[in-house]
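S.K.: structure here, sequence nowhere to be found:
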């Protein structure tokens, strides 16, 4: 698919972005952004939705482009926005962001495309990384959903086995 012809900085309207919260073996995938906004920040892999592409197709494409991994895109975790203003308070960047839970299907992790680096991070390591607050919020939401599911399953297993 061709790149969309639209300005990211000082847009005429908000742009739609997606991200993948890729979870594998108790760890989450982070990328170090290679471009603005947020160049050098650790973040979730993602980018803009292209014309004619579904949200889930965009998530899968962006994760593959940035990390080399093929993922199965699951449920929507969170909807948010990111608005960044310049020194004159004009809107420099405005994104509507949709974050999806993803599971690895295949591939080898290697940063590519817009990512300077990519790595798997444990919950304990997340505490030591300087992450944007919206990313922390999304990861907390995923952790709550995942742990809640595990607790439900444990209780169900106890009822059947107990």
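M.R.: Received the coordinates, thanks. Since we're looking at a predicted model, the values are computed, not measured.

S.K.: name the element the closest residue to residue 25 other than its chain neighbours belongs to?
M.R.: Once flanking residues are discounted, residue 25 sits nearest to residue 120: 7.8 Å by CB to CB, 6 or more residues apart in numbering. All C-beta spots, glycine's among them, are computed from the backbone N, C-alpha and C. Residue 120 is part of strand 115-121, with elements assigned from DSSP states H and E.

S.K.: now do that strand: everything it contacts.
M.R.: 24-25, 27-34, 40, 45, 66-67, 109-111, 129 (CB atoms under 8 Å, 6 or more residues apart in numbering).

S.K.: go again with 10 Å.
M.R.: Contacts to strand 115-121, defined as CB atoms under 10 Å, 6 or more residues apart in numbering, come from residues 22-35, 39-43, 45, 63, 65-69, 104, 109-112, 125, 127-129, 131, 139.

S.K.: and residue 96, what element?
M.R.: Using DSSP H and E, residue 96 falls in strand 91-107.

S.K.: may I see the buried residues of that strand?
M.R.: 92-102, 104 (16 or more other CB atoms under 10 Å).

S.K.: same check, this time on stretch 48-64
M.R.: Buried, per 16+ other CB under 10 Å, within stretch 48-64: 48-49, 53, 56, 58-64.

S.K.: same list (the residues you listed) but as JSON lines, adding distance to residue 75 and pLDDT.
M.R.: Below are the buried residues of stretch 48-64 laid out as JSON lines (distance: CB to CB, whole Å; pLDDT from 0 to 100):
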{"residue": "48", "distance to residue 75": "21", "pLDDT": "95"}
{"residue": "49", "distance to residue 75": "17", "pLDDT": "97"}
{"residue": "53", "distance to residue 75": "19", "pLDDT": "97"}
{"residue": "56", "distance to residue 75": "10", "pLDDT": "98"}
{"residue": "58", "distance to residue 75": "15", "pLDDT": "98"}
{"residue": "59", "distance to residue 75": "11", "pLDDT": "98"}
{"residue": "60", "distance to residue 75": "14", "pLDDT": "98"}
{"residue": "61", "distance to residue 75": "18", "pLDDT": "97"}
{"residue": "62", "distance to residue 75": "17", "pLDDT": "96"}
{"residue": "63", "distance to residue 75": "15", "pLDDT": "97"}
{"residue": "64", "distance to residue 75": "19", "pLDDT": "96"}
